[in-house]
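[1] 3D, please:
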Amino acid sequence: SNVRVWSLSPQRLRTMRAASELDQLDKEAEDIVERMMDDKSAADSWLLHGHTGPVYATSFSPDREQLLTSSEDGTVRLWSLHTYSNLVVYKGHNYPVWDVQFSPTGYYFVSAGHDRVARLWGTDQFQPIRMFVGHYSDVTCIQYHPNSNYIATGSSDRTVRLWDVL
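    Residues are numbered from 1 along each chain as shown. Okay, here's the model as predicted:
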């Protein structure tokens, strides 16, 4: 399956320049981030390829530099919105992953799946940090509390559970 990222402004989407070109830039320039972008790559949209099943949920990082996607293939993928490429594939669920959400801080995220479990992850770790077990059916939705200390999970067992992350 694919995820298409569209520009919602008149400005087109650009990727980062090649590493060899980045070496030639003045790193002290005030507009260094702008100079790092490649105008030749500008497009109205970018297609992200990777999942082998339908994509059920997406979540943008708070800094808008990354995107999480969850799928029927049992994986969560982390995408760079600078290079429009897949950075990490998180494999922890055995069945479809119905929902995924970045924490308000952006480093952690949670996933919810058909396996009746919600998992807490760190973007730099390949294994879940913590698992939230207790629902009797699919965990279909998740939501972070704004302070990042709690996660609410909703399930098709007709319950909502509030979990302490700390």
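
[2] and the residue nearest the centre of the chain?
    In the chain, the residue lying closest to the centroid (C-alpha atoms, centre = their mean) is residue 68, at 1.4 Å.

[3] helix or strand next in line after the helix or strand harbouring it, which one?
    Using DSSP states H and E, residue 68 falls within strand 66-71. Past strand 66-71, further along toward the C-terminus, the next helix or strand under DSSP H and E is strand 75-80.

[4] that following strand - contacts with which helices or strands?
    strand 66-71, strand 85-91, strand 97-102 (3 or more C-beta pairs under 8 Å, 6 or more residues apart in numbering; DSSP states H and E). Backbone N, C-alpha and C define where each C-beta goes, glycine included.

[5] re the thing from before, and the residue nearest to the centre of the chain, how far is that from residue 141?
    15 Å (C-beta to C-beta, to the nearest Å).

[6] before we move on, what about residue 45?
    To residue 141, residue 45 is 27 Å away according to C-beta to C-beta.

[7] which of these two has more neighbours?
    residue 141 (17 against 11; other C-beta atoms under 10 Å).

[8] my guess is that one meets residue 110, correct?
    No. With contact defined as C-beta atoms under 8 Å, residue 141 does not reach residue 110; the gap is 10.5 Å.

[9] mind checking the end-to-end distance for stretch 137-151?
    17 Å (C-alpha to C-alpha, to the nearest Å).

[10] flag every buried residue along that stretch.
    For stretch 137-151, the neighbour count (16 or more other C-beta atoms under 10 Å) marks 138, 139, 140, 141, 142, 143, 144, 151 as buried.

[11] now residue 13. Nearest residue, chain neighbours left out?
    residue 7 (4.9 Å; C-beta to C-beta, 6 or more residues apart in numbering).

[12] count the residues that sit near the one you found.
    Neighbours around residue 7, by other C-beta under 10 Å: 14.

[13] for residue 24, what is the enclosing helix or strand?
    Applying DSSP H and E, one finds residue 24 in no helix or strand.
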